[in-house]
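Trainee: Pasting the sequence and the predicted coordinates here, then a few questions.
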Amino acid sequence: MAESFGALLRDCRAAAGVSLGELAQRTHYSKGHVSKIENGLKRPTAMFAKQCDRVLGTDGVLAAAVPEKPSRAEAARTDEVWVLEFDDSGLRFAELPRRQVLAGAGALLGFAVTGGAVPTIDDETFSILRASFDQYRTLGTRTSPAAVLGQVIAQVHTLRSLAVDNPEPMRSDLLLLAARAAEFAGWMSQEAGWDADAARWTNRSVDLATGRDPHMASFALFRHAEIAFYQHNPRETVELARRAQKDRSAGPRILGLAARCEAQGHALAGDVRGYEEALDRAAALLSIRERGNGPVLGSASVPDEVALVRGWSLYDLGRPGDAAEVLDHQLPMIPLGARRARARFGVRRALAHAQHGDIDEACVAAREVLTDAARVDSATIRLDLRELSRTLGRWHTDRAASELRQELVTMLH
């Protein structure tokens, strides 16, 4: 029995009759890199193991043997910002922690200015509040979370305060809109790199919708599954996504998103059959058009999210060449204005080309979306940018790869 990943890899390679040099060539790693892994001098990545599984026909044995990375405590954020606040002497500037500002200082200031008066909301005014939220969602597809998150959180507090003194059915309408805004605040928090805040705002959306939208809890489970996915936790991703699908009355949109996330979790774990079954289920559900005039749950900026996720997941399954082919076809279909989506899938496309050894294509693909990636300032997209930078480092003699890598280093730090 192999005592380490390196010993297991050596045994599998010998059983398949593949030389060290041939394995290196077919996985697009250097011979020295593979040798160091076999001798325990370098830690294997999940992608390396999956590529070796593909070449050696070991059906996920090597991917399952990759040692887990040591856990890291979430870094504390100490950013300070200047805001306006009231004291006994009137309005003044005060330096407060960023999280306190994002907890709704803007909304509190607004009610302080008006003396705490809460207006009665009619249908026309509610439509304007809804349009304002839609604008925040649009803004979130195009720019940094920092430009939208504080405003959205302030709107959650504003809508909740307005609901207190307004009768039904307007009270329920306001609280449901607040729930959608809280869910969006959770997504923007995740994009800002604050997973704990993302989970908290997602849970808050369920509280606000209690008794008014019985399916928000299922959607929240899907969002928690997404958070787990970007934390590279496939087991929790699949478990949460499956729990989100238990309420069969939740509607095709929620069930389809949860099935899609489950497929991504299976791909991350290297489970091909589970991935295919879940993605087929997601495709069928998301093809159903739901009626309703409320804000669409989840991102709605891409025309065929199942096809894009298929390209994304093929990479996680250790098939970067197939992933690149799918994403090459799908990326031009994403609207130019959907910068966050273009950056997310465009960077993954560049990474797939790089892992497949198509370094020139990788550099071209990356440069097509680097401006978008910089503008949307996404913590989740930065995960792939860092991986792309590491991958380009294997081609240190290639001028285009070296120049792009230096740009990525500058951009990330």
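Mentor: Yep, it's here.
Trainee: Count residues in the vicinity of residue 32, would you?
Mentor: 12 (other Cβ atoms under 10 Å). C-beta here means a position set from N, CA and C on the backbone, and glycine is covered the same way.
Trainee: now residue 189
Mentor: With other Cβ under 10 Å as criterion, residue 189 counts 25.
Trainee: Same check on residue 240?
Mentor: 24.
Trainee: what's the helix or strand for it?
Mentor: Remark: residue 240 resides in helix 234-244, with elements defined by DSSP states H and E.
Trainee: mind showing which ranges of the stretch 151-300 of the chain have poor pLDDT?
Mentor: 292-296, 298 (pLDDT under 70).
Trainee: which stretches of the stretch 201-350 of the chain form helices?
Mentor: For the stretch 201-350 of the chain, the helices defined by DSSP state H, counting those that start in this stretch occupy 216-230, 234-244, 252-269, 272-286, 305-316, 320-330, 339-355.
Trainee: Report the contact partners of the residue nearest to residue 204 when sequence neighbours are not counted.
Mentor: Counting by Cβ to Cβ, 6 or more residues apart in numbering, residue 204 lies nearest to residue 182, which is 4.6 Å off, once chain neighbours are set aside. For residue 182, the contact set (Cβ atoms under 8 Å, 6 or more residues apart in numbering) comprises 156, 201, 202, 204, 205, 208.
Trainee: Looking at those, which one is closest to residue 297?
Mentor: When the contacts of residue 182 are ranked by distance to residue 297 (Cβ to Cβ), residue 205 comes first, at 10.2 Å.
Trainee: thought that closest one was touching residue 177?
Mentor: No. Judged on Cβ atoms under 8 Å, residue 205 makes no contact with residue 177 at a distance of 10.9 Å.
Trainee: how far away is residue 168 from residue 120?
Mentor: Going from residue 168 to residue 120 by Cβ to Cβ, to the nearest Å gives 13 Å.
Trainee: still on that earlier bit, got a markdown table for the contacts of residue 182, with distance to residue 146 too?
Mentor: Formatted as a markdown table, the contacts of residue 182 follow (distance: Cβ to Cβ, whole Å):
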| residue | distance to residue 146 |
| --- | --- |
| 156 | 17 |
| 201 | 16 |
| 202 | 19 |
| 204 | 20 |
| 205 | 21 |
| 208 | 24 |
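Trainee: For residue 359, give me phi and psi.
Mentor: Main-chain dihedrals, residue 359, degrees, to the nearest 10: phi -70, psi -40.
Trainee: typo on my end, it should be residue 246
Mentor: phi -70, psi -30.
Trainee: How about it, nearest residue that isn't a chain neighbour?
Mentor: residue 218 (7.6 Å).
Trainee: residues touching the one you found, list them.
Mentor: Residue 218 touches 244, 245, 246, 247, 250, 254, 255, 258, counting by Cβ under 8 Å, 6+ apart.
Trainee: Wait, the fifth one touches residue 219, no?
Mentor: If I follow you right, that is residue 250. Yes. If you go by Cβ under 8 Å, residue 250 and residue 219 touch, sitting 7.5 Å apart.
Trainee: shared neighbours, the two?
Mentor: residue 244.
Trainee: Tell me which of those two has more neighbours.
Mentor: residue 219 (28 against 22).
Trainee: is it true that that one touches residue 245?
Mentor: No. Look at residue 219 against residue 245 with Cβ under 8 Å: they stay out of range, at 11.3 Å.
Trainee: how is this protein carved up into domains?
Mentor: For the chain, the structural domains run 5-64, 81-212, 214-291, 319-412, going by automatic domain parsing.
Trainee: Quick check: closest non-adjacent residue to residue 230.
Mentor: In space, residue 230 is closest to residue 380, 4.9 Å off (Cβ to Cβ, 6+ apart).
Trainee: Can you read off the pLDDT for that neighbour?
Mentor: For residue 380, the pLDDT comes out at 95.
Trainee: so it makes contact with residue 341?
Mentor: No. Judged on Cβ under 8 Å, residue 380 makes no contact with residue 341 at a distance of 11.8 Å.
Trainee: of the two, who's got more company?
Mentor: More crowded of residue 380 and residue 341, by other Cβ under 10 Å: residue 341, with 22 against 17.
Trainee: thinking again about what came up before, now compare the contacts of residue 182 and name the two farthest from each other.
Mentor: Most distant of those, by Cβ to Cβ, are 156 and 202, 12.2 Å apart.
Trainee: Same question for stretch 257-275: list its buried residues.
Mentor: Neighbour counts using 16 or more other Cβ atoms under 10 Å place 257-272, 274-275 of stretch 257-275 among the buried residues.
Trainee: How about stretch 162-176?
Mentor: 162, 163, 166, 170, 171, 172, 173, 174, 175, 176.
Trainee: Next, the third one: secondary structure please.
Mentor: This means residue 166. coil (DSSP: H, G, I helix; E, B strand; the rest coil).
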